[in-house]
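Visitor: missing the sequence, but the structure's below:
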């Protein structure tokens, strides 16, 4: 535009070397010049940029792609749960051709339920890592934020991103916040409908497995539990005695310990404790030793007394009554 305006001014005849190009000169050229990029091309560029940004999120957002390499050995106990997860998620994502050859129907969704602090989210991360799959993590209640229609659009975008980054585990934490009966209202109903549409939709979830977790399976809308949606319902219980022993060993491995520390005995006196409870006990006991170290001016190891005192002060976060309810739900939801 500027070059053309200069040429037109110079072409008007005798002008001095200081002749200025006026605003009127520029506007006349702009009016007679078509842009080199059409609106259709701009819209195309925007779609390409949007698709690229979704793919790029696996690099720049930790919540989308877990960089750490986790293994099943990082999970204490839960052998039966781990085997079901291997068969339901890891094998379909890592070896789809083998399952197809044998006519095995791959589950669309897997629901993990059980007490809080027992490793449901961690299990989902491990199985994604073992399948060499991307891990897309979203909390159900967070989808209910924003304006009307924005939640549904965000949910559609999550499924689009999962498809584009296949193989992918699309993980909905606290799914009861999205598909729970106690969260009433039109918005929840519309969002649940959108979720079911995505899972039932004509666009196949090839290379994508939907995994959800909840502490309150009794609150879930029955529509989401029908076969063809969440085909595997897996109870994740508190760690048994062997797993608790291993948890204490893992949590105390990087701490200075006294010779009297007995992880087997600690496991015996923490029946019904969750994995999160055990982590909290070890952390608090170590902090007690830190206080004594700073007070005495010499290193004080974590002793059995530190640990048993913290067990005494820390009741299990899961009541026996609630554990009995989970066991009843495990039987009722068994498939």
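Guide: Received, thanks. On a predicted model such as this, the values are computed, not experimentally measured, just so you know.
Visitor: For the protein, just list every one of the strands.
Guide: Assigned by DSSP state E, the strands in the chain fall at 109-113, 134-139, 168-173, 208-214, 230-235.
Visitor: any residues touching the longest one, and which ones?
Guide: Put plainly, it is strand 208-214. Strand 208-214 is contacted by residues 88-89, 92-93, 106-113, 120-121, 124, 127, 140, 159, 162-163, 166-176, 180, 199, 220, 230 when judged by Cβ atoms under 8 Å, 6 or more residues apart in numbering. Backbone N, C-alpha and C define where each C-beta goes, glycine included.
Visitor: Neighbouring strands of that strand in the sheet, and parallel or not?
Guide: Paired neighbours of strand 208-214 in the sheet (DSSP bridges): strand 109-113 (parallel), strand 168-173 (parallel).
Visitor: and the longest one, which residues are buried?
Guide: Going back to what we said before, that points to strand 168-173. 168-173 (16 or more other Cβ atoms under 10 Å).
Visitor: Going by distance to residue 189, which of these wins?
Guide: For the buried residues of strand 168-173, the minimum distance to residue 189 (Cβ to Cβ) is 16.9 Å, reached by residue 172.
Visitor: Identify the bridge partners of the nearest residue to that closest one once chain neighbours are set aside.
Guide: Leaving aside its sequence neighbours, residue 172 sits nearest to residue 212 (Cβ to Cβ, 6 or more residues apart in numbering; 4.3 Å). Beta bridges link residue 212 to residue 111, residue 172, judged by DSSP bridges.
Visitor: and residue 212, how many neighbours?
Guide: 26 (other Cβ atoms under 10 Å).
Visitor: about what we covered before: need the strands of the chain in CSV (columns: mean pLDDT).
Guide: Output for the strands of the chain, formatted as CSV (pLDDT from 0 to 100):
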stretch, mean pLDDT
strand 109-113, 94
strand 134-139, 91
strand 168-173, 94
strand 208-214, 94
strand 230-235, 92
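Visitor: coming back round to it: filter the contacts of strand 208-214 down to the buried ones.
Guide: Neighbour-count burial (16+ other Cβ under 10 Å) is assigned, among the contacts of strand 208-214, to 88-89, 92-93, 106-113, 120-121, 124, 127, 140, 159, 162-163, 167-176, 180, 199, 220, 230.
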